[in-house]
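> Any chance you could fold what I've pasted below:
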Amino acid sequence: MADTQLLNKLKRRLGIAQDDTQEDNLLQDILEDAEAHFKLLAETDFIDSKYQFIILDVADMRYNRKGSTGMKSESVDGYSVTWQDAKDDFAPYMSIIIKDFDIDNNLGEREKGNAWWW
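Reported below is the predicted structural model:
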């Protein structure tokens, strides 16, 4: 479960007053989902505090995409927004995750190898 400090940081980023608890459950869900996704990618059960910025950035992106799930872009009265796919939320951080957690850089792609026959 996401901690209160992380929730408060996210609320500050989003411009939500600390005493406004109307969306706390939604924000908590978004943080928990971002943490679960991070743990899956990093193949870990624990997230060190130095990675909180990644969780917050991803949660911020996901919150701002609220109500536009599945959409690639939206244009209203000359204002246009384009979103990346949710599967790419961690893309800007993958080099850090791969390096710090010693994960195979191919991310599931097959490697070229050698075959020997006798």
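
> where exactly do the strands run in this protein?
Under the criterion DSSP state E, the chain carries strands at the ranges 73-76, 79-82.

> close enough to count as contact, Phe101 and Leu40?
No: taking contacts as Cβ atoms under 8 Å, Phe101 lies outside contact range of Leu40: 11.4 Å. Quick note: C-beta positions are derived from backbone N, CA and C, even for glycine.

> Excluding chain neighbours, what is closest to the residue nearest in space to the middle of the chain?
When Cα atoms, centre = their mean is applied to the chain, the residue found nearest the centroid is Val58 (3.4 Å). Spatial nearest neighbour of Val58, excluding adjacent residues (Cβ to Cβ, 6 or more residues apart in numbering): Ala34 at 4.4 Å.

> My read is that that neighbour contacts Phe53, right?
No: in this structure, Ala34 is not within contact of Phe53 by Cβ under 8 Å, at 11.5 Å.

> Now that we have the strands of the chain, can you turn them into JSON lines and tack on mean pLDDT?
Shown next, in JSON lines, are those (pLDDT from 0 to 100):
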{"stretch": "strand 73-76", "mean pLDDT": "79"}
{"stretch": "strand 79-82", "mean pLDDT": "80"}
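
> Would you mind listing the buried residues in the longest helix that the chain contains?
Looking across the chain with DSSP state H, the single longest helix is helix 24-42. Across helix 24-42, burial judged by 16 or more other Cβ atoms under 10 Å covers Leu27, Gln28, Ile30, Leu31, Asp33, Ala34, Glu35, His37, Phe38, Leu41, Ala42.

> cool, stretch 57-77 as well?
Residues of stretch 57-77 classed as buried: Asp57, Val58, Ala59, Asp60, Met61, Arg62, Tyr63, Arg65 (neighbour count, 16+ other Cβ under 10 Å).

> Identify, from those residues, the entry nearest to Met71.
Taking Cβ to Cβ as the measure, Met71 lies nearest Arg65 of these, at 8.1 Å.

> burial of Asp100, as a residue count?
The burial metric for Asp100, expressed as a neighbour count using other Cβ atoms under 10 Å, is 14.
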